[in-house]
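Peer 1: Give me a model of this one.
(2 chains)
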Amino acid sequence: MRGLIWTVAGISALLIIVLFILLGYLLIQRTIESRRNKRVKQYKAQFVEHWLLYLLEGVDPPEGGLPQKREAYVAIDDVFYHYCFSISDHLPRKRVRWFVENYMVDFYKKKLLSSRWDERLNALHRITDLQLQMFVDDVRSMLRREDKVYTEAEYVQMYVIMAKFDVYDSYAYLQNPQVSLNVFHYTTILNEAAPRIFNKVITHFNTSPLQLKLAIIDVIGLKKQVTYIDVLETNLQSDDEEIRIRSLKAIDQIGFVKEASIYAAFAQSDRWPERLMAARIFLHIPNDWVIDALFDLLRDPSWWVRKRAAETLSQKHGGTSLLQDVINQDTDPYAIDQARAILARQVETGT
Amino acid sequence: MEFMSTAIDIFAFILLVYMVIAILSYSIMLFTAVRLLLKKRYLDKTALDARYLNTPHLKPVSVIVPVYNEEKGVLVSVQSLLGLKYPEFEVIISNDGSNDDTQKTLIDHYQMTEISLPIRQRIPTKKPIKALYQSNIYPNLLLVDKDNGGKSDALNAGLNVSNYPFFCSVDGDSVLEKTCLLRVMEPLATSDQVIASGGSIRVANNSDIQMGEVLAVNLPQKPFAIMQLIEYVRAFLMGRTALSQYNLNLILSGAFSVFSKEWVMKAGGYRTDIVGEDMELVVNLHRLIKESGEDRRIVFVPDPVCWTEVPETMQGLGRQRRRWHLGLIQSLWKHKKMTFNPKYGLIGTLSFPYFWLIEFLGPMIELGGYIFVVIAFLMGEVYFELAILLSLLFVLYNSIFSMASVLLEAWTLNRYPKRRDLLKITLYSLTETFWFRPINSFWRLQGSIQFLTHTKKWEKADRKGFGTSQSK
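Peer 2: Got it, this is the predicted structure:
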C-alpha cells in the first residue's frame, strides 16, 4: 500500500509541477504577445495612412515604413486584408500584389510551408483573399507532393486557388480530388472559379460525380447565370429527385424560364418539394394557366406548398382580388386560411 | 465487526476501481481535447468568419428564446441576438406565461404589434398560443404569448411558429457573442451529416455587458461563481470537445445549441415531462439516428461562446444542480434500453455506460469516498493509508484535471486574458477537491433521491439580470 501511495503522490506532484511550469510559460507568453501586439499597433498607428495612400493613389510608402521586422509584416498583412475584403477596386488589389511580390513573398511562403496546419490554412486563405497569383506554383507543388498529406480544408482551399486563378489542370483536381469532396466543398470551389474553368466543368456535367453536379446547379442559381438556363431545364428530366429539385430552385433564383409548359407537370408531382418549387416558379410565368394551377396548390396537403401558393398568388397581377375570391367562394378551409393570412399580412405591412 | 471490516474493504475496492476508470476516461478526454484545440490555436478566426459570411451555404436560422419572468435580463439578451452577424435569421421570444413585466417590457421596447399568422401545429403544446407579436423596428423579431406550460412547451411553441429549416435555442438570460451563430452553424452548413451543433457556455457574472455585448470579461467575485467558471471550462473544453470528436456527446447545452428542425420534428420536439429537456432531445436524436440507420452527427464547437449568469449563492446553485441531475437521470432512465445495446453503436456501448457510471453514480461514490476518508482519518491507523491514497486520487481526479482544463483554455481560446485572472482561477481550481466537489456531489445526490422519490418540484435559479450592479 505504501508503495502505491508514494507512486500516486509522485504522479500527482509531478503533474502539479508540470502544470505550474505550463502556467509560468503561459504567463510569460502572454507578456511577450502583449508586447508584440503593442508593437504592431504602434506600427499601424504610425504608417496606416501611408499604406492607405499607397493602396488608393499609389503613393510610395516612406523608407521607414517598409517591412523589416515581424510586426511590420503582420501589420501590413492586416491592413491589406481588411482593405481588400471591403473594396473590390482593381487598382488597389494590383498594388497589393505588386508589393507582396517585391517585399512579402518570403513572409507568406514561410507560412505556406509551415509545419503547423493552422498557419498553412491562414496562408492559403490570404492567397485567395488578396488574389496573390504569384503563389500558384507553390500551391501546385504542394498538391503534387507525394510525401505529404494535407487536411481536407487545405485541399479544398488549394483547389479554390487553382480554379480561381484559372490554372489549366484545376479541372482534373475537381474530377479526381485527393480527398472526398461534398457539395459544400464543390460549391466553395466553383463559387470562386474563373469563368473558363466553370465553363469546362459544365461541359463535362454529365460525366461528373453527383456531388459536383449538385454543386454546379447550386452555383448557377447563386450566380443567377441565365446563360445556363438550358442546362437547368434539361436537368428537370433527370431521374434523380435531388437534381430536379435543385434545378428548380436554381431556376427560381434566376427568375426566368424558357419553356413555361414543362413546369406544369411539377405542380402535379408526388413530391411536395417539387410542388413547392413549382409554386415559387409560377411567379415568373405570366401565362393564365398558372393561376388555375396555383388555386389547386392552395388546397395542397402540404402546409408549405399552400403557403407558397398563396404568396405567389398575392404577388400576381390582381393577386389581392384573387385571394379575396378564395375566401368568398372556396370550400377548402386550408386554402381559405392561407388566403386570409396573406391578406392580413398585407394589411399589417401596408403592402 | 468482521462484517463491518469486509463491507469497508468492498467499498474501498469499488471506490478505487471507480477512481481508476474515471481518471483514465478523463485522461483520454484531456489528451483528445489538447490535440484538437492546439491544432487550431493560430487559426485566423476573424478571417474565417468573414469568409463564411460571404459564402452561400449558410441556411437561415430561427433563434428561439423561451422566457419566464426574465424582465431583468431579457432586453440585454434580445439585443445581443439582434446584433448577431448572420445573413438571415429571426428571433422568436416565447413568453411562457410570465407573471412579471417580461412581455410588456418587450412590447414597449421593440414597438411590437399583434399579427395574425396561421400557425402550423406540428408539435402539440400543452398550452396554446394566445397571440403573436412582431416588432415594428426589427421585422425579424417575434414574440409568442402563451400560458405557462414549462420551458419545453415554450420551445415547442416557438418551433411551431418558426419559419426556417434550422433553429437555435437560447436561454433568456444569456448573451451571445456576435459571431456565435455563424460559428456554431458552420458544421451544419458544411456537412449534411451534422444535424445538431452546440457551443460553449461561459460565466458572465461581474463582466461588463452593455447593449447586449460583452465589453470586458472580468472574473466573478463570489467563490461559488468562480468554481462554476472552472467547472464550465472543464466540462465544455475537455469533456464535450473530446466526446464530440467520436460522436458520443449526450448533452448540448439548452442555453445555446442549433438543430435541424426536420430532425427535431421527427423526434417529436422537446419532451415536456422531463426536467432536462436539452439532454433529452440530444439522446432522443441519437436514438433516432441509430434506429433510422443514417450516418448523422451531433457536434460540439468550442469557439462560439454564450455568456450566462450563474447562481452565486449556495441555495441557488443547489437548486440548479438538483434539477440538472434529476434531468440527467430521467433521460438515462427513459432510454435505459440503449445501455450496452450494440444496436446503438458506441452511444449504447460507451456513452451510456460512461454517463451511468461517471455522471449518475459518480456523486454517490464520491460522497461516500469523502465520508470514508473523514472516518478513516478519525479511526486512526486501521484505514489511514487507504484514506491517504483516496485523498491523493481525489486531488488527481478533481483538482489536477480542472487545473489542466483551465490552462488548456488559456493556451487555446484565451477568453480570460488578464494574467492576474489566470493565476487566480488556476489556484482556485486546485481547491476544488476540498470544498466545491463534495458540496456539489451532495446536491447531485439529492437530485438522485428526488428521482427515486418522484419529487417533481420546479426549482428555478435566481436571476439578477445583466447590467445591474453585479455586471458593472
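Peer 1: CA atoms for contacts and neighbours, from now on please.
Peer 2: OK.
Peer 1: Quick one: mean pLDDT for stretch B:422-440?
Peer 2: Average pLDDT, stretch B:422-440: 94.
Peer 1: And it, end to end?
Peer 2: The straight-line separation of the ends of stretch B:422-440 (Cα to Cα, to the nearest Å) is 23 Å.
Peer 1: how far out from the middle of the chain is it?
Peer 2: Stretch B:422-440 sits 20 Å away from the centroid of its parent chain (Cα atoms, centre = their mean, to the nearest Å).
Peer 1: Now do that stretch: everything it contacts.
Peer 2: For stretch B:422-440, contacts defined as Cα atoms under 8 Å, 6 or more residues apart in numbering or on different chains pick out A:23, B:224, B:226-227, B:230, B:318, B:321, B:363, B:366-367, B:370, B:394-395, B:398-400, B:402-403, B:406-407, B:410, B:416.
Peer 1: What about the closest residue to residue B:364 other than its chain neighbours, how many residues nearby?
Peer 2: With Cα to Cα, 6 or more residues apart in numbering or on different chains as the criterion, residue B:364 has its nearest non-adjacent residue at 6.0 Å, and that residue is residue B:445. Neighbour count of residue B:445, defined by other Cα atoms under 10 Å in any protein chain shown: 23.
Peer 1: for residue A:16, same thing?
Peer 2: Count around residue A:16 with other Cα under 10 Å applied: 18.
Peer 1: Now the residue of the stretch 1-150 of chain A found nearest chain B: phi and psi?
Peer 2: Nearest to chain B in the stretch 1-150 of chain A, going by Cα to the nearest Cα, is residue A:118, at a distance of 4.8 Å. Note on residue A:118: backbone dihedrals following degrees, to the nearest 10 are phi -60, psi -40.
Peer 1: In contact with it, which residues are there?
Peer 2: B:39-44.
Peer 1: The nearest residue to it once chain neighbours are set aside - how many residues pack around it?
Peer 2: Computed as Cα to Cα, 6+ apart, the closest residue to residue A:118 that is not its neighbour in sequence is residue B:43, at 4.8 Å. With neighbours defined by other Cα under 10 Å, the count for residue B:43 comes to 18.
Peer 1: Residue B:43 is in what secondary structure piece?
Peer 2: Taking DSSP states H and E as the definition, one finds residue B:43 inside no helix or strand.
Peer 1: Next one: residue B:299 relative to chain A, how far apart?
Peer 2: 18 Å (Cα to the nearest Cα, to the nearest Å).
Peer 1: Pull up the pairing partners for the helix or strand that residue falls within, direction included.
Peer 2: Element membership of residue B:299, judged by DSSP H and E, is strand B:297-308. Strand B:297-308 has its sheet partners listed here by DSSP bridges as strand B:174-176 (antiparallel), strand B:194-203 (parallel).
Peer 1: and the ones you listed, which one's lowest on average pLDDT?
Peer 2: strand B:174-176 has the lowest average pLDDT among the strands paired with strand B:297-308, namely a mean of 92.
Peer 1: Give me the pLDDT for the nearest residue to residue B:16 once chain neighbours are set aside.
Peer 2: Leaving aside its chain neighbours, residue B:16 sits nearest to residue B:390 (7.5 Å; criterion: Cα to Cα, 6+ apart). In this model, residue B:390 is scored at 87, pLDDT.
Peer 1: What residue, apart from its backbone neighbours, is nearest residue 117 spatially?
Peer 2: Since no chain was named, I'll use chain A. Nearest non-adjacent residue to residue A:117 (Cα to Cα, 6+ apart): residue B:39, at 6.9 Å.
Peer 1: Please refer instead to chain B.
Peer 2: Using Cα to Cα, 6+ apart, the closest residue to residue B:117 is residue A:341 (5.6 Å).
Peer 1: can I assume that neighbour is in contact with residue B:119?
Peer 2: No. In this structure residue A:341 lies outside contact range of residue B:119 using Cα atoms under 8 Å: 9.9 Å.
Peer 1: Tell me which of those two has more neighbours.
Peer 2: Legend: neighbour count by other Cα under 10 Å for residue A:341 and residue B:119, higher for residue A:341 (20 against 14).
Peer 1: hmm, back to that, can you confirm the residue nearest to residue B:364 is in a strand?
Peer 2: No. Residue B:445 is assigned helix when assessed by DSSP: H, G, I helix; E, B strand; the rest coil, not a strand.
Peer 1: which ones are touching it?
Peer 2: B:322, B:363-364.
Peer 1: Out of those, list just those in strands.
Peer 2: In strands, defined here by DSSP state E, there are no members of those.
Peer 1: Contact residues of the stretch 201-350 of chain A facing chain B?
Peer 2: Residues of the stretch 201-350 of chain A found near chain B (Cα under 8 Å from any Cα of the partner chain) are A:222, A:303, A:337-338, A:341, A:344-345, A:348.
Peer 1: Among those, the buried ones, what's the ChimeraX command?
Peer 2: Remark: buried members of those, expressed as a ChimeraX selection using 16 or more other Cα atoms under 10 Å in any protein chain shown:
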select /A:222,303,337,338,341
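Peer 1: Cool, thanks, talk later.
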